[in-house]
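Here is my input, please return the structure:
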Amino acid sequence: MEAILIKNVTLIDGKGGEPKKEMAVLVRDGRIAEVGHVNRIRIPDVPVRTIDADGFTLLPGFIDAHVHVMMSPVNFANSLNTPFSYKFYDSIRNMKATVAAGVTTVRDAGGADAGVKMAVENGLVLGPRMKISITPLSITGGHLDFWQRSGVDVTPALFGGYPGNPLGVCDGPDEVRKKVREVLRAGADFIKVCSTGGVMSPTDHPEFTQFTQAELEVMVEEAAFHRGIKVMAHAQGNEGIKNAVRAGVHSIEHGIFLDDEAIELMLKQGTYLVPTLLAPLAVLEMAEQEGTMPEHAIRKSKEVIEIHRESIRQAFRAGVKIAMGTDAGVMAHGQNLRELGLLCEIGMSPMEAIVAATQMAAACLQWEEEVGTIEKGKWADFVLTGVDPLKNIRALENQDQIVMVIKGGKIVKDLRKQESKTK
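Numbers count the residues shown, from 1 in each chain. Here you go, the predicted model:
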């Protein structure tokens, strides 16, 4: 792999400090070899591809802590009539769109199995670095039990039910323990659980509490036995959030209904919050534009959207650790960086939103030693843009403003007109 030198660039390193001008970053063997002022970088005596990035800003590759690469916007009728293998090919498009948006690392919150992750790692398809949860755990009749009152169960069409991806429905401590073991056996990096109902599920509500605290404690305990694997909890209702935090989950996903007690518990436990502010907004947008959203999802999104924003605002003000996540798959992939603007709307500065999508998200994924900031030794995952994101964070929503994406030292997207020079 050739060395790459990016020079004369303004650097936002993901740590939250002021941007640095006239910087250079040297990449060798897929990792960051040097970072410093352009006049102080030592150039190795090997072929080096030089990218003069004067006028551009370099940031770490963004991280989305909550996606579903195997899902495209939900249409139940289409799901029932789509051949099983189709979603694997569809995921190729989803992952490519994710990378094109500048997101080079994701945590898949249900759907992607070990084979999807391996295909990316082995270079068969272009996609982001990935930590996977295989399949979400749900109680019978819970958020991810898509049994219909007609007697038809569409759960396998959406989540699991084939070799390498078991169905996630389980009840009681013994079943829960066994299901965690099955998901870990399948290659999960995280355990995903639904401790409340949700917006998209047909037979429950975000405030419905699902799984007991004792069942959640079993999941946390069992996962921890496997090299300290953590649990992420789809948790929207207040009591289900508090049950999950008390049980020791690593991150709360969505966090729609948060009260002061829940926020204090999260601060005490050091629990991460992944807001996914884009998800209910996208449901309403698609209902208006496409007409494919079920009535129950539209109704519940309208009910919770402002409550959700206020909960995240209060959590941020209190100092809860917030990592960016979008729930991409509910909306079309490639829109991930819209979440940055939404985070700014609840009170974050543009730099704080960037840190939530880089350093903080890397820590949430337990990958802070490898990604999330531009530092010597880490993977060379970068985004190059011609706009100043601190002045116009929403400009990053436009994929055309993500001029270059580098993942592991390889240029995987390049919209620049000029050619790079080779030493």
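
could you pull out the strands for the stretch 101-250 of the chain?
Here the stretch 101-250 of the chain has its strands, by DSSP state E, counting those that start in this stretch, at 103-108, 129-132, 190-194, 230-235.

Which residues does the helix or strand encompassing residue 406 contact?
Taking DSSP states H and E as the definition, one finds residue 406 inside strand 402-407. For strand 402-407, the external contacting residues (Cβ atoms under 8 Å, 6 or more residues apart in numbering) are 4, 27, 51, 56, 61, 99-102, 104, 128-129, 379-386, 396, 411-416. (C-beta placed from N, C-alpha, C; glycine too.)

tell me, how many neighbours does the residue lying closest to residue 183 once chain neighbours are set aside end up with?
Leaving out its chain neighbours, the residue that sits closest to residue 183 by Cβ to Cβ, 6 or more residues apart in numbering is residue 134, at 4.9 Å. Residue 134 has 29 neighbours, counted by other Cβ atoms under 10 Å.

For residue 141, list the residues it contacts.
By Cβ under 8 Å, 6+ apart, residue 141 lies in contact with 147, 203-204.

picking up where we left off before, what about the strands of the stretch 101-250 of the chain, which gets the closest to residue 143?
Among those, strand 190-194 comes nearest to residue 143, with 4.0 Å by Cβ to Cβ.

if we can go back for a sec, the contacts of strand 402-407, buried ones only, as a ChimeraX selection?
A single ChimeraX command selects the buried members of these (16 or more other Cβ atoms under 10 Å):
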select :4,27,51,56,61,99,100,101,102,104,128,129,379,380,381,382,383,384,385,386,396,411,412,413
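
Filter the contacts of strand 402-407 down to the ones in helices?
99-100 (DSSP state H).

Just the ones of the contacts of strand 402-407 in strands?
The strands, defined by DSSP state E, take in 4, 27, 51, 104, 129, 382-385, 411-414 from the contacts of strand 402-407.

Throw these into CSV and include distance to residue 366 and pLDDT, thanks.
As requested, those are exported to CSV (distance: Cβ to Cβ, whole Å; pLDDT from 0 to 100):
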residue, distance to residue 366, pLDDT
4, 28, 97
27, 24, 98
51, 31, 97
104, 17, 98
129, 13, 98
382, 21, 98
383, 22, 98
384, 27, 98
385, 28, 98
411, 28, 97
412, 24, 98
413, 27, 98
414, 31, 97
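
biggest separation within these, which pair?
51 and 129, at 21.8 Å, using Cβ to Cβ across the ones in strands among the contacts of strand 402-407.

show me where the stretch 151-300 of the chain has helices.
Secondary structure of the stretch 151-300 of the chain by DSSP state H, counting those that start in this stretch: the helices cover 155-158, 172-185, 213-225, 238-247, 260-269, 278-289, 295-318.

Nearest to residue 373, out of these?
Nearest of the helices of the stretch 151-300 of the chain (Cβ to Cβ): helix 295-318, 20.8 Å.

Compare the contacts of residue 141 and tell me which is most surrounded.
Highest neighbour count within those: residue 204, with 23 neighbours (other Cβ under 10 Å).

State the distance from it to residue 156.
19 Å (Cβ to Cβ, to the nearest Å).

Quick check: which element contains residue 63?
Residue 63 belongs to strand 62-67, assigned by DSSP H and E.

Which neighbouring elements make contact with that strand?
Here strand 62-67 touches strand 103-108, strand 272-274, helix 359-364, going by 3 or more Cβ pairs under 8 Å, 6 or more residues apart in numbering; DSSP states H and E.

next one: the last one to chain centre, how far?
Centre-to-centre, helix 359-364 and its host chain are 10 Å apart (Cα atoms, centre = their mean, to the nearest Å).

returning to what we had before: please put the alpha-carbon coordinates of the strand holding residue 63 into PDB.
Only the C-alpha atoms of strand 62-67 are listed here, as PDB (Å, rounded to 0.1, in the frame of the first residue of the first chain):
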ATOM      1  CA  PHE A  62     -17.500   9.900  11.100                       C
ATOM      2  CA  ILE A  63     -19.000   7.100  13.300                       C
ATOM      3  CA  ASP A  64     -22.700   6.200  13.400                       C
ATOM      4  CA  ALA A  65     -23.400   4.200  16.600                       C
ATOM      5  CA  HIS A  66     -26.800   3.000  15.500                       C
ATOM      6  CA  VAL A  67     -27.600   1.700  11.900                       C
END
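
My understanding was that residue 374 contacts residue 14; is that so?
Yes - using Cβ atoms under 8 Å, residue 374 makes contact with residue 14 at a distance of 6.2 Å.

Determine the residues that are contacts of both of these two.
Counting by Cβ under 8 Å, 6+ apart, the shared contacts of residue 374 and residue 14 are 59-60.

In terms of packing, which of those two has more residues around it?
Legend: neighbour count by other Cβ under 10 Å for residue 374 and residue 14, higher for residue 14 (26 against 23).

Look up how far residue 362 lies from that one.
In this view, residue 14 and residue 362 are 8 Å apart by Cβ to Cβ.

Repeat that for residue 185.
27 Å.

Same drill for these two, tell me which one is more crowded.
Comparing residue 185 with residue 362 by neighbour count (other Cβ under 10 Å), the higher total belongs to residue 362, at 24 against 12.

The more buried one - nearest residue in space that isn't next to it in sequence?
Leaving aside its chain neighbours, residue 362 sits nearest to residue 372 (2.6 Å; criterion: Cβ to Cβ, 6+ apart).
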